[in-house]
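Asks: For reference, the sequence and a predicted model appear below.
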Amino acid sequence: MKEIHDFRIIERTEPTANYVRLVLHHGGTMQPIAPGQFVEVRVDGVPEVMLRRPISIHDVDSDAGTLSLLIQVVGHGTRQMSTLKVGDKMNIVYPLGHGFSTDIAAGSQVLLVGGGAGIAPLLYLAKVLQAKGVHPTILLGGRTAALIPTRELFEPCGEVCLATDDGSLGHKGLVVEHPVFAQQWDMIYTCGPTPMMKAVARSAAERGIRCEVSLENMMACGVGACLCCVTDTDDGHRCVCKEGPVFDISTMHKWYENK
């Protein structure tokens with residue numbers, strides 16, 4: 001069930017340049033959240049920002065009543081969010097969207113592939129999988145080391161592999177060029193820049209590997225009303241905010257085959 005609620009910021013960090021991580025406390029009973037779901041944040045005090053901004057849920061602690069957001073500062077809305085301090089309130093609509101499926105058998109060989117801000121939803125997914133007896137391998141990439149934020153938070157969840165375009169951290173090259181990507185996996189989950197996800201999806205399809213992608217289309221309303229986030233799938237046009245953002249690639253041939 002969706003809820004509109006004022007969360008209080010209880011922790012604020014800046015893991016790398018242009019990224020801010022906020023830990024928000026509900027103060028009551030928090031709605032159940034699935035990995036891959038997102039929130040819509042109200043941006044106060046900025047006339048240029050009329051609509052809420054969609055942000056992936058980075059982590060969840062249901063017992064503590066907290067959720068975390070990893071915010072990449074790219075425009076007026078996210079810049080305003082980055083100025084919020086501990087003690088400030090953030091009004092959000094949550095939980096939104098269709099998340100990752102976690103019906104994975106214990107002991108399965110699972111790979112999580114994230115790039116840039118697309119790293120965000122994979123942390124909570126990694127923790128949920130680990131609790132189910134699945135110890136994922138996590139492959140994170142970016143153009144430079146500074147564009148792979150919060151990578152240290154993944155280390156308790158599984159083996160972490162890194163790739164940077166400039167070779168400043170880990171393997172030099174794209175994530176799909178990392179040796180670990182070429183291994184055979186039971187399942188691949190991915191979120192990040194569209195070209196990266198399409199490359200991951202094409203490779204998974206060619207190798208017969210089950211794969212889910214989390215799309216990052218522009219999402220104005222978050223509930224499927226404005227239709228600005230519609231994407232073309234094998235099943236027709238679907239709203240990314242409501243029927244996604246996570247899709248199984250078995251229904252996404254039209255999307256990933258279009259380079």
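Replies: Right, received. Where do you want to start?

Asks: Please enumerate the helices of the stretch 101-250 of the chain.
Replies: All helices of the stretch 101-250 of the chain, identified by DSSP state H, counting those that start in this stretch, fall at 120-131, 194-206, 240-243.

Asks: and residue 1, which of those helices is closest to it?
Replies: Using CB to CB as the measure, helix 240-243 is the one of these that comes nearest residue 1, at 14.5 Å. Where C-beta positions appear, they are placed from N, C-alpha and C, glycine not excepted.

Asks: Just give the number of residues close to residue 79.
Replies: 16 (other CB atoms under 10 Å).

Asks: Surely it is in a helix?
Replies: Yes. With DSSP: H, G, I helix; E, B strand; the rest coil as the criterion, residue 79 is part of a helix.

Asks: Can you give me every residue that contacts it?
Replies: By CB atoms under 8 Å, 6 or more residues apart in numbering, the residues touching residue 79 are residue 73.

Asks: Look up how far residue 53 lies from it.
Replies: Residue 79 sits 11 Å away from residue 53, taking CB to CB, to the nearest Å as the criterion.

Asks: Check residue 95 too.
Replies: Residue 95 is 16 Å from residue 53, by CB to CB.

Asks: repeat for residue 154
Replies: Taken as CB to CB, the span from residue 154 to residue 53 is 25 Å.

Asks: Residue 192 against residue 120, yeah?
Replies: No. Residue 192 is beyond contact range of residue 120, at 9.7 Å (criterion: CB atoms under 8 Å).

Asks: what's the overlap in contacts for those two?
Replies: With CB under 8 Å, 6+ apart, residue 192 and residue 120 have common neighbours residue 114.

Asks: Thought residue 222 was touching residue 241, still the case?
Replies: Yes. Using CB under 8 Å, residue 241 makes contact with residue 222 at a distance of 5.0 Å.

Asks: So these two - more neighbours on which side?
Replies: residue 241 (28 against 24).

Asks: what's the neighbour count on the residue lying closest to the more buried one once chain neighbours are set aside?
Replies: Ranked by CB to CB, 6 or more residues apart in numbering and with sequence neighbours excluded, the top spatial neighbour of residue 241 is residue 219, at 4.2 Å. Residue 219 has 26 neighbours, counted by other CB under 10 Å.

Asks: so where is this structure shaky, pLDDT-wise?
Replies: By pLDDT under 70, the low-scoring segments of the chain are 259.

Asks: how about the residue nearest to residue 241, what does it touch?
Replies: Contacts of residue 219 (CB under 8 Å, 6+ apart): 38, 40, 54, 228-229, 240-241, 245.

Asks: okay, the top strand by length along the chain in CSV with CA atoms only?
Replies: The longest strand of the chain (DSSP state E) is strand 3-13. Taking Å, rounded to 0.1, in the frame of the first residue of the first chain, the C-alpha atoms of strand 3-13 are listed here in CSV:
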residue,chain,number,x,y,z
GLU,A,3,1.8,6.1,1.8
ILE,A,4,2.7,9.8,1.8
HIS,A,5,4.8,10.4,4.9
ASP,A,6,7.3,12.9,6.3
PHE,A,7,10.5,11.0,7.1
ARG,A,8,13.2,12.6,9.3
ILE,A,9,16.8,12.6,8.1
ILE,A,10,19.0,10.9,10.8
GLU,A,11,22.2,10.5,8.8
ARG,A,12,23.8,12.3,5.9
THR,A,13,27.0,11.4,4.1
